[in-house]
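S.K.: Quick one, fold the following:
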Amino acid sequence: MPFRSTASPLPGSYHFCCWCDESKIEAVSSYPPPANEKQLRQFLGLANYYRRFVKRYAQLVSPLTKLLRKEFTLYTDASDVAPGAVLSQTLAAQERVVSYFSRQLQKAERRYSTIDREALAIVSAIKEIYPYLYGFVFTLVTDHNPLMLLKGLRDVGGKMTRWLLFLQQFHYKIIYSPGKCNVNADALSRIPVVAVVDTLIPSYTQQQIQDLQAQNTQLQPIIGSLKKGTALPSTVPPGLRQAFLLNDTLHQKSQDPASRVVYNQLIVSQSLCKIVFNYTHSQSGHLGIHKTLKKIRERFYWPGYESSITEWIQQCEACQKCNAPVPTPVAPFGTITASQPFEKVSWNIMGPLPTTDRGNQYILVVTDLFSKWVEAFPLASTTAETLATVLINQIVCCYGVPQFLHSDQGPPNITAKVIQSLCLQLGIDITISP
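M.R.: Prediction:
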């Protein structure tokens, strides 16, 4: 080790210290001064190994670490359709690209003035490459000469004011470069928008369709009978008995019930059914069941296509993720109010439950809607006669005759004729939740 420690020779003292062994640090002290960037990095790596023993090490090596920093240069430009920017550094007298930026202008942004579009290109590019530029001095190169006064603009609109406030957090200097010299950012801002085809729909010739139909065991007897002019076999399903040959391929006619338009449907073999579905659904905006069926019905047919399409759409992963759930009708909520005890009473049946020792497997729950008092009565059955007996003996005789008897769409025996007749005699109005 290049360090040694010793204790104080004074008796009763325990002072420790350490110092360098001159013979072991000679290689470091005689280290040659770095002459290039690579040697500087090597020296800093060596010095950093012993930084724990060097007072204010970061402050001492700060001038050296600054030599390793490369100043960033940001080239920006904006056209009528898109802004573009290039972030680069100069290394060994060669400019090296760090990052590219470009995007399309929105509809409102395309109506900006030239200076606003050029300023938008600067702000958009800096926001995109924020980590590279924040806290560093960089050079901003633009081909729009009025932006040379960007830091000194006064009395500008709210949009430009927000951009200027955003740029105040950065340290930069602006340089003007003519458009013919600012070719890298200018090219990015003028890239034509090209339609990208990411899905290829397979196409089939008429001969290939004929071959596929001829290979289908269900369609073979139909094609043979039509070519010979004989009657169709009895095994042909009803959906294919109206088939005919058109250009040597099997078709059948279908009429739209709404518009009365007649379509010539190509009868599709089983091997092409899923391809037709992908063409009419997956590659057509993931239409719903009815629209997809209408689109298929205009051109194609195979036995049971309606059930197949319905099942495939219900299993479509994209539709399940993106489509909103079908709203279910909800009954309007309302509050049942009562002005006195046992004016309004609700009753409902719970069960069937496990049968008790006394043979009961239902519970009749009666609630006073004013006081929320609850009574529960065990029942062996839910016949109308049983319910009428409980109503007379347990409710009317104990609490009096209620004005309203409310039920929550319970078993039909609650609203049976026996109950209705009894309530009519007692003057009780029966109400049911919607």
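
S.K.: Distance of K24 relative to R51?
M.R.: 18 Å (CB to CB, to the nearest Å). All C-beta spots, glycine's among them, are computed from the backbone N, C-alpha and C.

S.K.: what about the chain, any weak spots by pLDDT?
M.R.: Low-confidence segments of the chain, defined by pLDDT under 70: 1-20, 151, 153, 155, 179-202, 324-334, 409-415, 434.

S.K.: same thing but 90
M.R.: 1-84, 86-104, 106-119, 129-434 (pLDDT under 90).

S.K.: the domain parsing of it - what is it?
M.R.: If you go by automatic domain parsing, the domain ranges for the chain are 3-67, 72-189, 208-320, 344-432.

S.K.: want to throw those domains into JSON lines with distance to I336 and mean neighbour count?
M.R.: Formatted as JSON lines, the domains of the chain follow (distance: least, CB to CB, whole Å; neighbours: other CB atoms under 10 Å):
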{"stretch": "domain 3-67", "distance to I336": "76", "mean neighbour count": "11"}
{"stretch": "domain 72-189", "distance to I336": "54", "mean neighbour count": "16"}
{"stretch": "domain 208-320", "distance to I336": "39", "mean neighbour count": "15"}
{"stretch": "domain 344-432", "distance to I336": "5", "mean neighbour count": "15"}
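
S.K.: For the lengthiest helix in the chain, name the packing helices and strands.
M.R.: Criterion DSSP state H: the longest helix present in the chain is helix 114-128. Here helix 114-128 touches strand 72-78, strand 83-91, strand 94-102, strand 137-142, helix 158-167, going by 3 or more CB pairs under 8 Å, 6 or more residues apart in numbering; DSSP states H and E.

S.K.: residues contacting K417?
M.R.: A384 (CB atoms under 8 Å, 6 or more residues apart in numbering).

S.K.: measure it to T386 for me?
M.R.: 15 Å.

S.K.: Relative to L140, how far out is I126?
M.R.: Counting by CB to CB, the gap from I126 to L140 is 9 Å.

S.K.: so what sits against both of these two?
M.R.: L74.

S.K.: which residues pair with the spatially closest residue to D429 that is not a sequence neighbour across the strands?
M.R.: Computed as CB to CB, 6 or more residues apart in numbering, the closest residue to D429 that is not its neighbour in sequence is F404, at 5.1 Å. Taking DSSP bridges, one obtains K344, D429 as the residues bridged to F404.

S.K.: for T292, what are its contacts?
M.R.: Here T292 is in contact with 277, 280-281, 284, 309, 313 (CB under 8 Å, 6+ apart).

S.K.: Could you tell me which of these are located in helices?
M.R.: Using DSSP H, the contacts of T292 in helices are 277, 309, 313.

S.K.: Kindly reformat these as JSON lines containing distance to C423.
M.R.: JSON lines is the format used below for the ones in helices among the contacts of T292 (distance: CB to CB, whole Å):
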{"residue": "F277", "distance to C423": "58"}
{"residue": "I309", "distance to C423": "52"}
{"residue": "I313", "distance to C423": "50"}
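
S.K.: of all the residues you listed, which comes closest to L165?
M.R.: I313 (51.5 Å; CB to CB).

S.K.: And the closest residue to that closest one other than its chain neighbours, how close does it get to G229?
M.R.: Leaving aside its sequence neighbours, I313 sits nearest to I289 (CB to CB, 6+ apart; 5.3 Å). Using CB to CB, I289 is found at 39 Å from G229.

S.K.: cool, and L46?
M.R.: As defined by CB to CB, L46 lies at a distance of 99 Å from G229.

S.K.: would you list the helices and strands packed on helix 114-128 in JSON lines and tack on distance to R56?
M.R.: Output for these, formatted as JSON lines (distance: least, CB to CB, whole Å):
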{"stretch": "strand 72-78", "distance to R56": "29"}
{"stretch": "strand 83-91", "distance to R56": "30"}
{"stretch": "strand 94-102", "distance to R56": "32"}
{"stretch": "strand 137-142", "distance to R56": "24"}
{"stretch": "helix 158-167", "distance to R56": "35"}
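
S.K.: With Q320 as the reference, name the closest of those.
M.R.: Of all these, strand 94-102 comes closest under CB to CB, at 35.4 Å.

S.K.: what comes into contact with that closest one?
M.R.: 72-73, 82-90, 124-125, 128-129, 132, 188-189, 191.
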